[in-house]
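> This is a predicted model, with the sequence first.
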Amino acid sequence: MPGLIKSFMALYPLINIVLEEQQSLAITKAVAENRAEIGIFTRLPHGADIEVFPFRTDRLVLIVPNDHPLAGRESVRFSDTLDHEYVALRSGTHLNFQLIKAANDLGRSLRIRMEVASYDALSLMVQAGVGIGIMPEGSVGIYRMDGAKVVQLEEEWASRELNVCVRSREGLSVAGALFLRHVLAG
C-alpha cells in the first residue's frame, strides 16, 4: 500500500491524502456516513450502503520473536501456535474475531496476553518478547522487524480478500476519483 500511495502522490503532487488506520467495520461505516471518501477493508459482511470493488488478496502471517521456539520454522499450522501467548489486535477488530473463531473451530482458545490498537504496536510487542502475533504479510515490510521472524501460516483462512469502498463513485471529488482509479489499476 505505501508504494501505491507514493506512486499516486508522484503523479499528483498537489493532492494531499489523509490516511487513518481503522478496523474494517469502522471503515465501511465512515464511508457510508460520508466521513471518509474511500476505504480499504477486509472483505466481510458490513451492511453499509456503499459501492465495493475488489482490490487485492493479502495473506496473514505469524510473527515471533527471534528466540521463540517457532522461529526456526518456515511455516506452521495455526493449531501449533495455540500453546503460546499472543499479542493481538484489540477486541472488535475483524482480525481478532477471525483468530478467536479459528481457535474455537479447533476446540481451543486463543491465549491473549496483550491487546494492542495497531500493527505497529503489535510488531513492537512481539519483538519485545511479550508474545507472538498474526498480521497481514503486506504490512510486515512497513515495520522494522529486526527482533522478529515471519513464519507462514498453513491455513486456507489466512488468505484474505481486500476491497475498496466508496459511498458513490459518481459522488467522489476529482481527487477521490483519481485516487480510486489509481488504486483499482494498481
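Ah, there it is. Residues are numbered from 1 along each chain as shown.
> what comes into contact with the helix or strand hosting Ala30?
For Ala30, the element it lies in under DSSP states H and E is helix 24-32. Applying Cβ atoms under 8 Å, 6 or more residues apart in numbering, the external contacts of helix 24-32 come out as 22, 36-42, 44, 46, 48-50, 93-94, 165-167. Any C-beta I mention is one placed from the backbone N, CA and C, and that applies to glycine too.
> again, only this time at 6 Å
Applying Cβ atoms under 6 Å, 6 or more residues apart in numbering, the contact partners of helix 24-32 are 36, 39, 41-42, 44, 46, 48-50, 94, 165, 167.
> From those, which land in strands?
39, 41-42, 165 (DSSP state E).
> For these, give me JSON lines that also has distance to Ser79.
Below are the ones in strands among the contacts of helix 24-32 laid out as JSON lines (distance: Cβ to Cβ, whole Å):
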{"residue": "Gly39", "distance to Ser79": "33"}
{"residue": "Phe41", "distance to Ser79": "28"}
{"residue": "Thr42", "distance to Ser79": "22"}
{"residue": "Cys165", "distance to Ser79": "34"}
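> Closest to Glu85 out of those?
Thr42 (24.3 Å; Cβ to Cβ).
> can you count the residues close to that closest one?
19 (other Cβ atoms under 10 Å).
> now Gly176
17.
> do the same with Ser7
So Ser7, with other Cβ under 10 Å, has 12 neighbours.
> That one: helix or strand, and which one exactly?
Counting by DSSP H and E, Ser7 is found in helix 2-11.
> Check which residues of that helix are buried.
4, 8 (16 or more other Cβ atoms under 10 Å).
> Understood, closing this out.
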